[in-house]
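In: A predicted structure for the sequence below; I have some questions about it.
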Amino acid sequence: MNPTVTPTTPPAEAVLPPRAPEAPAPGSPLGSHYDHCFGCGPQHPQGLQLRVTAGEGLDLTAEFTVRPAHQGGPGLAHGGLLVTALDETLGSLNWLLNAPAVTGRIETDFLAPVPVDTLLHLTARITGVHGRKVYSAAEGRLGGPDGPLAVRAQGLFIQVKLEHFTTHGRPEDIKRATDDRDLFERARAFDPSP
């Protein structure tokens with residue numbers, strides 16, 4: 001295998017699809033896909049509470065502030081937590097395709113320490129789609145969009161039907177999600193055959 005080609009590299013036959021007509025408008029905040037999600041849920045007390053904004057094409061931006069509960073080494077963000085932030089950001093790209101997807105693989109490079117109380121600014125873009133596979137890339141910068149590069153990742157996501165979540169999720173969480181009318185409406189927007 002070529003060392004520069006990995007399972008997160010789009011194959012030559014991958015395409016860049018058009019942005020879905022139902023995708024949130026550029027500049028729109030993307031809501032949480034589930035209020036109790038560790039990555040984007042506003043009701044998860046120790047979560048990242050990532051704030052995501054739709055970009056112009058097949059890209060977006062996100063931000064979160066590293067809090068003391070997120071540390072690994074003294075005063076520094078836990079590496080796994082940074083992978084979670086990148087995963088959540090890459091996964092949010094699927095709103096732009098109007099298709100639910102799950103993480104198949106993520107490859108991460110850690111380039112600089114991320115101190116507690118730092119704002120991490122993330123950018124992500126779709127790099128190709130082949131069948132149900134969505135390839136993407138992201139990077140995280142310290143303090144803002146022009147700050148020092150701290151982390152980067154490439155991801156492979158697999159598009160799934162909504163039943164994936166209702167079949168495999170914990171029953172009480174599925175009930176809580178389906179009882180949430182706003183969440184239910186957002187999920188229906190992903191369903192091609194309501």
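Out: Looks like it came in fine.
In: CA only for contacts and neighbour counts going forward, please
Out: Noted.
In: send the alpha carbons of stretch 139-146 over as CSV?
Out: Extracted as CSV, the C-alpha positions of stretch 139-146 are listed here (Å, rounded to 0.1, in the frame of the first residue of the first chain):
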residue,chain,number,x,y,z
GLU,A,139,-8.2,20.7,11.6
GLY,A,140,-8.2,22.4,14.9
ARG,A,141,-6.4,25.7,15.7
LEU,A,142,-5.8,27.3,19.0
GLY,A,143,-7.7,30.5,19.8
GLY,A,144,-9.3,31.1,16.4
PRO,A,145,-9.3,30.4,12.7
ASP,A,146,-5.8,31.8,12.2
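In: mind checking the pLDDT average for it?
Out: For stretch 139-146, mean pLDDT rounds to 97.
In: now stretch 142-149: how far from the chain's centre is it?
Out: Mean C-alpha position of stretch 142-149 versus that of the full chain (C-alpha atoms, centre = their mean, to the nearest Å) differs by 19 Å.
In: so what would you say the end-to-end distance of that stretch is?
Out: 7 Å (C-alpha to C-alpha, to the nearest Å).
In: show residues contacting that stretch.
Out: Under the criterion C-alpha atoms under 8 Å, 6 or more residues apart in numbering, residues 111-112, 114, 118-122, 139-141, 150 lie in contact with stretch 142-149.
In: which of those fall within strands?
Out: Judged by DSSP state E, the contacts of stretch 142-149 include 119-122, 139-141, 150 as members of strands.
In: who wins on neighbours among those residues?
Out: Within these, residue 140 tops the neighbour count with 30 neighbours, counted by other C-alpha atoms under 10 Å.
In: give me the nearest residue to that residue, chain neighbours excluded.
Out: residue 122 (4.3 Å; C-alpha to C-alpha, 6 or more residues apart in numbering).
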